[in-house]
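A.B. asks: What would the 3D arrangement of this be:
(chains A, B, C and D)
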There are 2 protein chains.
Amino acid sequence: MSDTLDKKPSRIQLRNRRRIMDAALDVFSQHGYRGATLDQIAITAGLSKPNILYYFAGKEEIHVTLLSQLMETWLDPLIEMDADGDPLGEILAYVQRKLDMSRDLPRESRLFANEILQGAPRMGAHLQSDLKPLFDEKCAVIQGWMNRGQLAQVNVHHLIFSIWSTTQHYADFEAQISVLEPGKDTYTDATQTLKQMFTALLTL
Amino acid sequence: MSDTLDKKPSRIQLRNRRRIMDAALDVFSQHGYRGATLDQIAITAGLSKPNILYYFAGKEEIHVTLLSQLMETWLDPLIEMDADGDPLGEILAYVQRKLDMSRDLPRESRLFANEILQGAPRMGAHLQSDLKPLFDEKCAVIQGWMNRGQLAQVNVHHLIFSIWSTTQHYADFEAQISVLEPGKDTYTDATQTLKQMFTALLTL
DNA sequence: TCGTAGATTTACCAATTGGTAAAAAACGGA
DNA sequence: TCCGTTTTTTACCAATTGGTAAATCTACGA
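C.D. replies: Down below sits the predicted model:
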């Protein structure tokens, strides 16, 4: 039995757990929770379905585990924003990190988007306990910059929403972009345009 | 039998077809294609499952019909953009129309987002045949404005992507926003912030 | 009012779903 | 090498899925 409080996960446990997580990320990010099947995850992971249920108690536990791990990755770029750094530089660097995540971790972005789209039924609590405090903290930091005259006055909540939406768009709506911009170096142009946009918005 | 080429749809046909479409919009937009079930749609519509299959050939036909109808609604705000109008005014009005659509038609926005997230398996053709030409046309219009010195020089593709992402974000990620901004008048602030943002970006 | 086309229900079905029990196999330390 | 533990497979299951056939009911024009 593989309880959450086992002493030492064996090498096999570690390898297979990771395989399952990776396969689940594939499947859940493409079809959403209800559209994903254990059989698909099993096939993708190269394991049998009962074997997967040997490592995880059920479909929901796999999904929840995935979302928990994702939350850390997801908050990281915002955590790095430094209150003592150069205001515009810090925000542009944050935009850059978010854009890099869309390019390098598109599955994670889509998993997150799927969950929120469906009303965050399995992540509402995490949003409240993890995202909300961080969001409030960093909003205060940016508001401080604005109050000190280091940035133009903009509604801070919606500034952050616009950073999230513009950057994540490139992962979540890739299917659309690839139709409209076939064969283009999308991320290079996006980097340039978003930098220009937020500079124009925030420069006094 | 109710073929596509029936002479006259009866009052009952019209009413039930609309009911089914509405219920399907509810269910598909919340769970995606694979996560939605005919039983759910039937219950939501207040009809029996076989009765629904009397009006539509199957689950896929319901979904495809929904997406086709949606495409028209979706392209409308962009079609209205007038090459002979005031450049900045036209773009800000477009942003406003898209934002209004997020507020008034959130289910449609999420249905669209779900489909694109999953790789647009049932809409790729529509994107190519309907969206792409319109996109190219309007990009040319905006590029013309920029070339004539009526707007600041910005990558036009990514300008439009940023309009889509920032406005649709308010419908698609509502579950997240409602956690971070409880009890706020989100759309009023969004309108103001987005207007400020695109004005700053596009003013010379 | 009556006949019929249109609309709805009842009773199914095969395939797929998430999940289980238990046997079999592989592993690893003594 | 042996023995107990961990891992994997085989063989299932009940519930749900999309979908069908046919009987039944209902609306409505002649």
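A.B. asks: residues making contact with stretch A:109-125?
C.D. replies: A:25, A:28-30, A:32-33, A:60, A:63-64, A:66-67, A:70-71, A:74, A:101-102, A:127, A:168, A:171-172, B:30-32, B:35, B:110, B:113-114, B:117, B:172-173, B:175-176, B:179 (C-beta atoms under 8 Å, 6 or more residues apart in numbering or on different chains). Glycine gets a C-beta too; all of them are placed from N, C-alpha and C.
A.B. asks: Pull out the buried members of the residues you listed.
C.D. replies: Neighbour counting with 16 or more other C-beta atoms under 10 Å in any protein chain shown marks A:25, A:28-30, A:32-33, A:63-64, A:66-67, A:70-71, A:74, A:101-102, A:127, A:168, A:171-172, B:30-32, B:35, B:110, B:113-114, B:117, B:172-173, B:175-176, B:179 as buried within the contacts of stretch A:109-125.
A.B. asks: picking up where we left off before, from the contacts of stretch A:109-125, which land in helices?
C.D. replies: Per DSSP state H, helices hold the following members of the contacts of stretch A:109-125: A:25, A:28-30, A:32-33, A:60, A:63-64, A:66-67, A:70-71, A:74, A:101-102, A:168, A:171-172, B:30-32, B:35, B:110, B:113-114, B:117, B:172, B:175-176, B:179.
A.B. asks: contacting residues for residue A:62?
C.D. replies: Residue A:62 neighbours (C-beta under 8 Å, 6+ apart): A:20-21, A:24, A:41, A:52, A:56.
A.B. asks: That should have said residue A:69, apologies.
C.D. replies: Neighbouring residues of residue A:69 by C-beta under 8 Å, 6+ apart: residue A:21.
A.B. asks: Swap in 10 Å and give it another go.
C.D. replies: When contacts are counted by C-beta atoms under 10 Å, 6 or more residues apart in numbering or on different chains, residue A:69 touches A:21, A:25, A:108.
A.B. asks: now residue A:204
C.D. replies: Counting by C-beta under 10 Å, 6+ apart, residue A:204 has contacts A:88, A:146, A:149-153.
A.B. asks: With chain B in mind, check whether stretch A:18-32 reaches it.
C.D. replies: Yes: applying C-beta under 10 Å from any C-beta of the partner chain, one finds stretch A:18-32 touching chain B at A:29-32.
A.B. asks: chain center to that stretch: distance?
C.D. replies: With C-alpha atoms, centre = their mean, to the nearest Å as the basis, stretch A:18-32 stands 14 Å off its chain's centre.
A.B. asks: Point me to the helix or strand that includes the nearest residue in space to residue A:79 that is not next to it in sequence.
C.D. replies: Distance criterion C-beta to C-beta, 6 or more residues apart in numbering or on different chains; nearest residue to residue A:79, sequence neighbours excluded, is residue A:134 at 6.7 Å. Assigned by DSSP states H and E, residue A:134 belongs to helix A:132-147.
A.B. asks: what does chain A have sitting close to DNA strand D?
C.D. replies: For chain A, the contact set with DNA strand D under C-beta under 7 Å from any atom of the strand comprises A:1-2, A:10, A:12-13, A:16, A:47-51, A:54.
A.B. asks: which one of the residues you listed has the most neighbours?
C.D. replies: Neighbour counts for the residues of chain A next to DNA strand D, by other C-beta atoms under 10 Å in any protein chain shown, peak at residue A:16, which reaches 19 neighbours.
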